[in-house]
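[1] Below: sequence and its predicted model.
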Amino acid sequence: MTTETFEFQVEARQLLQLMIHSVYSNKDVFLRELVSNASDALDKLRLEKLRDDSLDADVSDLHIRIDVDKEARTLTVRDNGIGMSYDEVGQLIGTIANSGTATFLQELKEAKDAAGAEGLIGQFGVGFYSGFMAADEVTLVSRRAGESQGTRWTSRGEATYTLEKVDDAPQGTSVTLHLKPADPENQLHDYTSPWQIKEIVKRYSDFITWPIRMVPEAGDGDSAPEPETLNSMKALWARSRDEVSDDEYHELYKHISHDWREPLETIRLQAEGTFEYQALLFVPEHAPHDLFTRDFKRGIQLYVKRVFIMDDCEALLPPYLRFVKGVVDAADLSLNVSREILQQDRHIRMMQRRLTKKVLSTVKDFMTKDADRYATFWREFGTVLKEGLVTDSENRDAILALCSFATTHADDEPTTLARYAERMKDGQDDIYYLTGESRQSIENSPHMEAFRDKGIEVLLLTDAVDEVWVDAVGEYEGKRLRSVAKGEIDLDAQGDEKADEEREKQAEDYAGLLGWMREQLGEDIKEVRLSARLTVSPACVVSDAHDLTPALENMYRAMGQEVPRAQRILELNPGHQLVKGLNQAYKEREDRSGLVESAELLHTLAVLAEGGQPKDPARFVKLVADRLERTL
């Protein structure tokens, strides 16, 4: 037979070198690409046979086979699929070799736009050339189903490639890689090792529809070993629910998540229409220990036509659902030429929106139909879900409806904002909350005293994210979310003349002391005023209505963001004996220098009561010790 030699164009040589050395980040994927091409060839033959029953082709045992020859250092991937004619080999294998445009090469180098390469994905041009990452020479032999003559293509991936017609080629295509010399120092890429071939197939091609077979290494017996099938072919997400047992779902979850426990819930989703995809998601029963660490690997596995593409695809779910594990299998996606990097197109965004809404609706089902499972979910993942109140404005209302919070209404039963609103007292317009490190510290806060006395329910928020989302949300069904530690609070009934007169009298009585203390405390405070929220404690510090809380200031600083430190407001309880005595002493003494330390102590005690730290701990200890000494 005549052998024809073709020369690569200059641009084509550059593009081939780029494919071999730059596009693929993991050398193992060459086998994934070759298996994927073989699977496509089998699909095409099955479809062609259905269309044309007269096609002279054997479809009785469609499969993919991998053969390894350690002595010759060759690896062959063969299929008995549709195959290619002489012209098709020149066209399809030459997709890169003969297209050779400088524009496409430049786009690929810059990795800015893979639109031009999108059409090559799944064709026998791009993935095929990845074989040169592992081989010095590649030989392809192919015969199209229904034809009598085959074609051999050979190249060392350098300047030329050859084409020749052959008579003894079997139906389908075989690709033989003449592997590069072994690297004694790197056994991770020994592609003559059967166990490594099995590992790669299991990782990337386990759910391929067709059996992937390999003859195991010969044992001590005389008979040749039978080929073994390397892939499970069990794409659970592609099978109907009644065909899959819960145990099979659970095993897949454990394989994906590396969790030895069963999932809390399994979520199936199938989208049909112009863009088709299937999803099988799992909500774990327990939060992983590193859920809130920077190194936590989030995302779900992405397949395209059952071919594994990415292990942790972050683009398919928002960060606040990072605990969800699972698989998404799309019929088609805009990938770059290596199948490894997603392009941010409308299909990705559409899938993310649909998957997000499906997970949120599942949590809603927990809340309305299974209180125990909801309680488990909220205990494990409530904190991370609340991050969505800040970052996902589109689904904010849906997320807020799923949230529950500790409350003064009950010691051990959290409440939703809907139930809180139902219990609001007549005349109450706001939903009150207080943030802190623990329930105990919040309940003991002086800011809670008036609310406790009047029986007004307060939400007790103890997660760090609570400091942020309340400001982002702002209100619930027209009712303002209001911190009991910010702004002025007056729980007395409006229009109560007696209460109004009492406040006016107190304001007049304490006016001198308030102004004097403001001068003495200087930059430590913004204002000194009388409090309507204190009934037991002598004083408290509060933030202005629109200022950041100290906890939020510290959070921003921990993230490396410098924010100005807001001055606090000192509130005094006019009914407390300590405050009354201080006011009386202020009025009676001309020399008030001895009262300066009392004012400073009162302010520092208020800071300590809310969990803050003294500005000068050593000075505070000295002042307290001096006062104790005087009482002895």
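    In hand now; what should we look at? The shown structure was predicted, so the numbers you read here are calculated from the model rather than taken from an experiment.
[2] Could you check the pLDDT of Ala12?
    Note on Ala12: pLDDT of 57.
[3] Equivalent analysis for Arg152, please.
    95.
[4] distance of it from Leu140?
    Going from Arg152 to Leu140 by Cβ to Cβ, to the nearest Å gives 7 Å. No exception for glycine: its C-beta is placed from N, CA and C like everyone else's.
[5] what does Glu314 give?
    37 Å.
[6] tell me which residues in the host helix or strand of Ala398 are buried?
    Using DSSP states H and E, Ala398 falls within helix 396-402. Under the neighbour-count criterion of 16 or more other Cβ atoms under 10 Å, helix 396-402 has 396, 398-400, 402 buried.
[7] just checking, what packs against it?
    Judged by 3 or more Cβ pairs under 8 Å, 6 or more residues apart in numbering; DSSP states H and E, the packing partners of helix 396-402 are helix 346-369, helix 388-391, helix 417-423, helix 466-473.
[8] Those into CSV, with extra columns for mean neighbour count?
    Shown next, in CSV, are those (neighbours: other Cβ atoms under 10 Å):
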stretch, mean neighbour count
helix 346-369, 16
helix 388-391, 20
helix 417-423, 15
helix 466-473, 19
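[9] Next, format those helices as JSON lines and append distance to Gln171 and mean pLDDT.
    Shown next, in JSON lines, are the helices and strands packed on helix 396-402 (distance: least, Cβ to Cβ, whole Å; pLDDT from 0 to 100):
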{"stretch": "helix 346-369", "distance to Gln171": "36", "mean pLDDT": "94"}
{"stretch": "helix 388-391", "distance to Gln171": "54", "mean pLDDT": "96"}
{"stretch": "helix 417-423", "distance to Gln171": "66", "mean pLDDT": "95"}
{"stretch": "helix 466-473", "distance to Gln171": "62", "mean pLDDT": "92"}
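[10] Which of those helices sits closest to Gly436?
    helix 466-473 (9.2 Å; Cβ to Cβ).
[11] which stretch of helix or strand covers the residue nearest to Asn573 when sequence neighbours are not counted?
    Leaving aside its chain neighbours, Asn573 sits nearest to Leu534 (3.8 Å; criterion: Cβ to Cβ, 6 or more residues apart in numbering). Using DSSP H and E, Leu534 falls within no helix or strand.
[12] Wait, Leu534 touches Glu571, no?
    Yes. Assessed by Cβ atoms under 8 Å, Leu534 is found in contact with Glu571 at 6.6 Å.
[13] Name all residues that sit in contact with those two at the same time.
    Cys540 (Cβ atoms under 8 Å, 6 or more residues apart in numbering).
[14] who does Ala410 bridge with?
    Beta bridges link Ala410 to Thr407 when assigned by DSSP bridges.
[15] what about it, how many residues close to it?
    Residues lying near Ala410 (other Cβ atoms under 10 Å) number 10.
[16] what about it, distance to Phe381?
    Distance, Ala410 to Phe381, using Cβ to Cβ: 22 Å.
[17] repeat for Ala618
    44 Å.
[18] repeat for Pro225
    Between Pro225 and Phe381 the computed distance is 49 Å (Cβ to Cβ).
[19] For the stretch 151-300 of the chain, just list every one of the strands.
    Using DSSP state E, counting those that start in this stretch, the strands of the stretch 151-300 of the chain run over residues 160-166, 172-179, 212-214, 228-229, 265-271, 277-283, 300-304.
[20] Mind listing the strands the fourth one pairs with, and their directions?
    The reference is to strand 228-229. According to DSSP bridges, strand 228-229 forms sheet pairs with strand 212-214 (antiparallel).
[21] Run the chain-centre distance for the partner strand.
    How far strand 212-214 lies from its chain's middle: 35 Å, per Cα atoms, centre = their mean, to the nearest Å.
[22] contacting residues around it?
    For strand 212-214, the external contacting residues (Cβ under 8 Å, 6+ apart) are 35, 63-68, 194, 197-198, 201, 205, 227-231.
[23] rerun that using 7 Å as the cut-off
    Contacts with strand 212-214, where a contact means Cβ atoms under 7 Å, 6 or more residues apart in numbering, come from 35, 63-66, 194, 197, 201, 205, 227-231.
[24] which one of those residues is nearest Ala585?
    Ser205 (85.0 Å).
[25] This completes my enquiry, with thanks.
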